[in-house]
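>>> test case, fold it:
(one chain, ligands or ions: 1)
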Amino acid sequence: MSGQLTKKLSGWGRYPVAVCHTLRPERYAELGSNSESSIARGQGRAYGDAALNTERQVVLTERLGRLRSFDAQSGVLRAEAGLTMQQLIDFSLPQGWFPSVTPGTQFVSLGGCVAADVHGKNHHHDGAFSTSVMGFELIDADGGRRWCSREENFDAFAATVGGMGLTGIIGEVELQMRRVESAYIQATHHAADNLHAAFELFEQHYDATYSVAWIDLQARGAAQGRSVVMLGEHAPLERLSAAQQQSPFAIKARANRRVPFEMPGWLLNPLTIGAFNQLYYRIEGRRRTPFIIDYRKFFYPLDALSDWNRLYGRRGFLQYQCVVPRDGAQQALSELLTTLAESRHPAFLGVLKKMGKTGEGLLSFPLEGYTLALDLPFSGDALLQLLQRFDAIVSNAGGRVYLAKDARLDSEMFRAMYPGVEPFIQSKGVLDPDGRFSSDLSRRLELG
Ligand SMILES: Cc1cc2nc3c(=O)[nH]c(=O)nc-3n(C[C@H](O)[C@H](O)[C@H](O)COP(=O)(O)OP(=O)(O)OC[C@H]3O[C@@H](n4cnc5c(N)ncnc54)[C@H](O)[C@@H]3O)c2cc1C
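Presented below is the predicted three-dimensional model:
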């Protein structure tokens, strides 16, 4: 194992920043007995402080990314948790298999996907990432290993999926992949004039495997919630052009564009974003005829620009993602958008999505209803106070905030939102009795 290195780390939102002592093991066997506070880190794509541990240890899992086995008949794959979604797809897609659930970036590790129990555009049908997880190895603070699945050590399984790394280090993961005929998606877009129309479109197109809406956050009044609802299906061979049918899994390499330097904070402002939103709504909202698009453009549009988080300037940004139960969701999210508009705080990216049933993870985020995610440049106390007002709206509606995106929720509100906290703390007490797995997030939320 390379030695401990002290450095500044942050999540994807670049707020907050913490000085941590990092370790980068080459093999799980190097994770011996650990007497100090420690937390695992995958690709650092959680937005806030989930993978930060100020003045304490952070275990970087990027070297722990070996593929262990793959059965091309059944689609069952086993790999170390540091493997990224991108590496997984590069390996499995040419053989006709795609992840059953994927978040909106492929630069995440399998460990991060299990620990946050991430959801994708198919959550309303297929549930969260854990539904595709057959089992995983959990490594405790003394280096001991236990296999966790629905059949074995289920309590540890349920505490670890969505458990934000606080029950131990996830070692090898076994996954069920999804059979696909091509690397393409057949997509359809629908323009929604307002939030009500967007909800109607989601209900009307419940059968679509993938659905998500981009919201124009600059639209106000009767146009509040104006959006483009995007639907998708894995494209069968017969929908592809003759050229694509020749090699259905070969797609053009993507140019790797980077944000060359830290952008000044004022570059993203309501005027530039407002103009972009108008254009996007007009062009994308009109694409009602199904079209074929490669999987990266459909699932990972933001990955085309590396380091896009630098567009928000030195102070970084917060993403506020909440989910509210279906009954009352429209009213609660409308209230939230009104509160945002009245605050005049800039907000640039808004995403709405219908979600399916609650899963097995004690701290998993999803519940049946609607989720809204907003990207907000960090502006200090003004933003923090605004988000507390959002919390009150969400909590009153019976909803919750997503820990993988969070950097500021307080422990009282957290307890009101997550009924699984007490059973989680009990399971953590069994799996990690000395509380050696902790993070800035766990201290903030008083998670033992
Ligand atoms: C552009 C973008 C789009 C996104 N879209 C979505 C989306 O659509 N749906 C969604 O659900 N999320 C989404 N996310 C959030 C992201 O999927 C999660 O935060 C995920 O956990 C990040 O994985 P990571 O490997 O970067 O983990 P990190 O950010 O490094 O860590 C996240 C958590 O996982 C834990 N962890 C990581 N590896 C291990 C391990 N081996 N053992 C134990 N614990 C571990 C960490 O301790 C931490 O608590 C998005 C993020 C970005 C930047």
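
>>> please make it C-alpha for all contacts and neighbour counts, starting now.
Noted.

>>> could you check how far residue 372 is from residue 286?
In this structure, residue 372 and residue 286 are 23 Å apart, going by Cα to Cα, to the nearest Å.

>>> same check, this time on residue 125
According to Cα to Cα, residue 125 stands 26 Å off from residue 286.

>>> now do residue 41
With distances taken as Cα to Cα, residue 41 is found 41 Å from residue 286.

>>> looking at these two, which is more packed in?
The residue with the greater number of neighbours, taking residue 41 and residue 286 and applying other Cα atoms under 10 Å, is residue 41; the counts read 26 against 14.

>>> OK, contacts around residue 50?
Taking Cα atoms under 8 Å, 6 or more residues apart in numbering as the criterion, residue 50 is in contact with 11, 164, 403, 404, 406, 407, 439, 440, 441, 442.

>>> from the residues you listed, which is closest to residue 64?
Taking Cα to Cα as the measure, residue 64 lies nearest residue 164 of the contacts of residue 50, at 18.0 Å.

>>> what strand or helix carries that closest one?
Remark: residue 164 resides in no helix or strand, with elements defined by DSSP states H and E.

>>> so it sits right up against residue 115, yeah?
Yes - between residue 164 and residue 115 a contact is recorded at 4.6 Å, counting by Cα atoms under 8 Å.

>>> report pLDDT for the residue lying farthest from the centre of the chain.
For the chain, the largest distance from the centre (Cα atoms, centre = their mean) belongs to residue 242, which lies 35.3 Å off. The pLDDT attached to residue 242 in the predicted structure is 96.

>>> try residue 2
Model confidence at residue 2, given as pLDDT, is 54.

>>> same thing with residue 274?
Predicted confidence (pLDDT) for residue 274: 71.

>>> give me the number of residues near the residue lying closest to it once chain neighbours are set aside?
Excluding the flanking residues, the one nearest residue 274 by Cα to Cα, 6 or more residues apart in numbering is residue 218, at 6.0 Å. Number of residues near residue 218 (other Cα under 10 Å) recorded here: 22.

>>> repeat for the one 4 residues further on
The burial metric for residue 222, expressed as a neighbour count using other Cα under 10 Å, is 10.

>>> so residue 20 sits in a strand?
Yes - the secondary structure assignment for residue 20 places it in a strand, going by DSSP: H, G, I helix; E, B strand; the rest coil.

>>> count of neighbours near it?
Summarising burial for residue 20: neighbours were counted as other Cα under 10 Å, giving 22.

>>> now do the contacts for it.
Contacts here follow Cα under 8 Å, 6+ apart; on that basis residue 20 touches 6, 7, 8, 9, 52, 53, 54, 55, 56, 57, 58.

>>> and for residue 233?
If you count contacts by Cα under 8 Å, 6+ apart, residue 233 has them with 185, 186, 187, 208, 209, 210.

>>> nearest to the ligand among the residues you listed?
Looking at these and their distance to the ligand, the nearest is residue 210, at 11.5 Å (Cα to the nearest ligand atom).

>>> got the contact list for that closest one?
Counting by Cα under 8 Å, 6+ apart, residue 210 touches 121, 122, 231, 232, 233.

>>> from those, which is closest to the ligand?
Closest to the ligand, out of all of the contacts of residue 210 and judged by Cα to the nearest ligand atom, is residue 121, at 6.9 Å.

>>> quick check: bridge partners of residue 97?
With DSSP bridges as the criterion, the beta-bridge partners of residue 97 are residue 179.

>>> doesn't residue 177 make contact with it?
Yes - between residue 97 and residue 177 there is a contact at 5.9 Å, judged by Cα under 8 Å.

>>> which of those two has more residues huddled nearby?
Counting neighbours by other Cα under 10 Å for residue 97 and for residue 177 shows that residue 97 has the greater number, 25 against 22.

>>> which residues touch stretch 396-406?
Applying Cα under 8 Å, 6+ apart, the external contacts of stretch 396-406 come out as 46-50, 116, 164, 318-325, 328-329, 332, 365, 391, 394, 414, 417-418.

>>> can you map out the helices along the stretch 101-250 of the chain?
For the stretch 101-250 of the chain, the helices defined by DSSP state H, counting those that start in this stretch occupy 110-115, 123-126, 154-160, 195-204, 242-246.

>>> model confidence over the longest one, on average?
By that I understand helix 195-204. Averaged across helix 195-204, pLDDT comes to 98.

>>> gap between that helix and the chain center?
Averaging C-alpha positions (Cα atoms, centre = their mean, to the nearest Å) puts helix 195-204 23 Å from its chain's average.

>>> list the helices and strands it packs on?
Of the remaining helices and strands, those touching helix 195-204 by 3 or more Cα pairs under 8 Å, 6 or more residues apart in numbering; DSSP states H and E are strand 184-192, strand 227-234, helix 329-343.

>>> C-alpha coordinates for that helix, PDB please?
Once non-C-alpha atoms are left out, helix 195-204 reads as follows in PDB (Å, rounded to 0.1, in the frame of the first residue of the first chain):
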ATOM      1  CA  LEU A 195     -45.300  21.200 -14.100                       C
ATOM      2  CA  HIS A 196     -48.800  19.800 -14.300                       C
ATOM      3  CA  ALA A 197     -48.200  18.800 -18.000                       C
ATOM      4  CA  ALA A 198     -44.900  17.200 -17.000                       C
ATOM      5  CA  PHE A 199     -46.500  15.100 -14.300                       C
ATOM      6  CA  GLU A 200     -49.300  14.000 -16.800                       C
ATOM      7  CA  LEU A 201     -46.600  13.000 -19.300                       C
ATOM      8  CA  PHE A 202     -44.800  10.900 -16.700                       C
ATOM      9  CA  GLU A 203     -48.100   9.100 -15.700                       C
ATOM     10  CA  GLN A 204     -49.200   8.700 -19.400                       C
END
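
>>> give the buried residues for it.
If you call a residue buried by 16 or more other Cα atoms under 10 Å, then helix 195-204 has these buried ones: 195, 196, 197, 198, 199, 201, 202.

>>> what is the nearest of the residues you listed to residue 140?
The closest of the buried residues of helix 195-204 to residue 140 turns out to be residue 202 (Cα to Cα; 42.2 Å).

>>> coming back round to it: filter the contacts of stretch 396-406 to the buried ones?
Neighbour counting over the contacts of stretch 396-406 (16+ other Cα under 10 Å) leaves 46-50, 116, 164, 318-325, 329, 332, 365, 391, 394, 414, 417-418 as the buried ones.

>>> close to the ligand as well: tell me which of these qualify.
When Cα under 6 Å from any ligand atom is applied, the members of those adjacent to the ligand are 46, 50, 116, 164.

>>> contacts only, for the last one.
By that I understand residue 164. So residue 164 contacts 50, 112, 115, 116, 404 (Cα under 8 Å, 6+ apart).

>>> distance to the ligand added to the helices of the stretch 101-250 of the chain, as TSV?
Shown next, in TSV, are those (distance: least, Cα to the nearest ligand atom, whole Å):
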stretch	distance to the ligand
helix 110-115	4
helix 123-126	9
helix 154-160	8
helix 195-204	17
helix 242-246	27
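
>>> noted, bye for now.
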